[in-house]
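Engineer: quick check, what structure comes out for this input:
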Amino acid sequence: AALDDNNNHSVTLLGTSWGQCSPATTASRLWIRYRTGWQRGRMARGIQAFRHVVVSGYICQRAFVAHGSTLSAIINARQFSGSVGNSSARQETAAWSQLLEWGLLGTAAASIAVLLAPSAVADAKTAVADSRTSQLKASVGTSKAAQVKQQVVQQHPQPPPSADKLPEYAADEVAQHRTPNDRVWVTYKNGVYDITDFIAQHPGGAAKIMLAAGGSVEPFWGLYQQHQKQEVQDIIKQYRIGTLKGAPAQSNISMEDPYKNEPKRHPALTIRSDKPFNGETPPDILAASLVTPAGVFYVRHHLPVPVIDQDKYSFKVEGQGLRTLQLSVPELQKHFRKFEVAATVQCAGNRRSQMKAQPAPGSTGHEIKGLDWEAGAIGTAVWGGVKLRDVLLAAGFTPGDPCVAHIHFYGYDVDESGTSYAASIPVAKAVSEYEDVLLAWEMNGQPIPRDHGGPLRVIVPGTTGARSVKWIKHITASAEECQGHWQQKDYKTFSPGTDWDNLDWSSATAIQEMPVTSAICEPTQGQQLSIYDTEVTVKGYAWSGGGQDIIRVDVSADGGKSWVPAKLSKLSQSKPDRAWAWTLWEAAVPIPEGLKGNLELVSKATDQSNNTQPEQVAGVWNIRGLCNNVWHRVEVNVSDE
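Structural biologist: Have a look, this model is predicted:
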């Protein structure tokens, strides 16, 4: 009964009280119910039934062993049964006739109870958590973390028991719980958690969280800063079942900080996360030059930056229809023609913060998850290297080979399991003479810095930066798309009506070419303008994926009621259909006469196919906050100060 907050599931599960049938019959039904519930996937009912077996064994042990006299055993059995909710009045003669039967059954059941009671406690708590999870999925209008908090308040109007009232478990006990059949336990700091029923919901996939099974999650959480958020802490609290006895349980993964060898970064970068490091370029720097200096080029990492001995570095090329090649950068430089390609690289999450600032369409309360990028997760560089096409042809690739549909890229950056960051592009893109996909070792005339993929990275012009894999380790020709996490379970967009609870990753295609976009870099949000100025100089960038050239940028100072065409600036390498680099623009926009207070500046770009940015975010809103290309808006303040 102590396992249950409401003390109302102890004796009514079978539809009859224990007093209505013999002990042996009761135990038999309980065991059948337990097995049936387990086999049908009705975990909560199976757990409830199993708990009855344990409690009955404890009753029998107390009644038959703890007391020497028959009379005291009967009295104790009646009293203890009453304490778990058995309200049926037993007759003394019936109790006497059943005493021996209870005792024999209790001897065996009590032994099982001693061994399995801790697991039963954990399972019972998990059954309660299952119920909460179902209710969470059914509710809408608040974030998942907020729903968890709301459910905790509803289920526990009084503060939950403190940690010192939970059972203690040793590290070796935790280590025995590594599979769903045994229940999956992990430790975090000094707590023990049964996460069995959370595994399928883990955003990073079941395989990732199972790496910590039977040990500590801390070595793995150290890779991803988002685990330190309060909403994550609130979610794991509901799975706590006990306290770790003695020293924290250790995983077989080293606790050494995987980020201890990170490169130094320019202080001008606006940091969006520390581990892994992600930082964006300030807007005024973006608009200052057609080529972004490497030191202030935005940084997007998913994992720790690998430490690579450049003298020993090489990568492998293999796959369907190819002979295996192992190549170094000097070998590329010696045997292949070098090309230079001016190309913009943009994170698909660029401008996510502006999408987050807008409510989900239909007031659903759906939540966008991802880094809070402003408009600086983009940059343009002149990349030097060899064409991927030439390397694949040297490895024996036959153009038009029906067995090859995708080219996979794997990096030297790895997660806690040793799995590389990986992505793929269609083979038509990879081997086209006109798509200019590079294996690059040079950035703006210098060796590529570690932070940007040196000694060798892929550059896939016109495509989301997620496909331009850094620190190339392995290139594979395949009939199938890459199955890596960031190809299959990230960097995809969904209908505005899709929420995390009805998300089907397989229903969406991986983002490749990016939509047309623009952003205002000067003036910046909240900047002060003088009431005595008649116009404001507005600067920014525009870019479209797939090599589509920018043909026009329009700027407005009245929220889009009237427009001024901007003057465009482009690199000489940019040509229609191969305009891989952005366009910078500038416009002198009149300030409405007599205006004092907030002024909204707006930009929108149009590419050579007459694709134009949409006005409102509602039509492109998605739970990952990707491909936000709506009109860019910046508010400034006009004053007489």
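Engineer: going forward, measure contacts between C-alpha atoms and count neighbours the same way
Structural biologist: OK.
Engineer: for stretch 299-312, buried residues please.
Structural biologist: 299-306 (16 or more other C-alpha atoms under 10 Å).
Engineer: identify the residues contacting Pro399.
Structural biologist: Pro399 makes contacts with Val431, as judged by C-alpha atoms under 8 Å, 6 or more residues apart in numbering.
Engineer: and it, what are its phi and psi?
Structural biologist: Backbone torsions of Pro399, given as degrees, to the nearest 10, read phi -50, psi 130.
Engineer: Glu331 too?
Structural biologist: phi -70, psi -40.
Engineer: tell me, how many residues neighbour Asp274?
Structural biologist: Neighbourhood size, Asp274 [other C-alpha atoms under 10 Å]: 12.
Engineer: same check on the one 5 residues further on?
Structural biologist: Neighbourhood size, Gly279 [other C-alpha under 10 Å]: 26.
Engineer: doesn't it lie inside a helix?
Structural biologist: No: using DSSP: H, G, I helix; E, B strand; the rest coil, the secondary structure at Gly279 is strand, not a helix.
Engineer: could you pull up the contacting residues of the nearest residue to it once chain neighbours are set aside?
Structural biologist: Closest residue to Gly279 apart from its sequence neighbours, by C-alpha to C-alpha, 6 or more residues apart in numbering: Ile271 at 4.2 Å. With contacts defined as C-alpha under 8 Å, 6+ apart, Ile271 is in contact with 277-280.
Engineer: A helix includes Ile271, no?
Structural biologist: No: according to three-state DSSP, Ile271 belongs to no helix; its state is strand.
Engineer: ok, it to Asp197 distance?
Structural biologist: 35 Å (C-alpha to C-alpha, to the nearest Å).
Engineer: also Ala542?
Structural biologist: 46 Å.
Engineer: and Gln446, by the same measure?
Structural biologist: Taking C-alpha to C-alpha as the measure, Gln446 falls 51 Å from Asp197.
Engineer: which of these two has more neighbours?
Structural biologist: Asp197 (17 against 12).
Engineer: confidence score at the more buried one?
Structural biologist: On the pLDDT scale, Asp197 is placed at 86.
Engineer: could you confirm it falls within a helix?
Structural biologist: Yes: counting by three-state DSSP, Asp197 is part of a helix.
Engineer: end-to-end on stretch 276-287?
Structural biologist: Start-to-end, stretch 276-287 (C-alpha to C-alpha) is 27 Å.
Engineer: residues making contact with that stretch?
Structural biologist: Stretch 276-287 is contacted from outside by 223-225, 259, 268-273, 292, 296-304, 373-379, 520-522, 524, 539-541, 584, using C-alpha under 8 Å, 6+ apart.
Engineer: buried members of these into PyMOL, please.
Structural biologist: Applying 16+ other C-alpha under 10 Å to these, the buried members can be selected in PyMOL as follows:
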select buried, resi 223+224+259+269+270+271+272+273+292+296+297+298+299+300+301+302+303+304+373+374+375+376+377+378+379+520+521+522+524+539+540+541+584
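Engineer: just the ones of the contacts of stretch 276-287 in helices?
Structural biologist: Among those, DSSP state H puts none in helices.
Engineer: in strands, which of the contacts of stretch 276-287 fall?
Structural biologist: 270-273, 299-300, 378-379, 520-522, 539-541, 584 (DSSP state E).
Engineer: closest to Asn181 out of those?
Structural biologist: Ser273 (37.1 Å; C-alpha to C-alpha).
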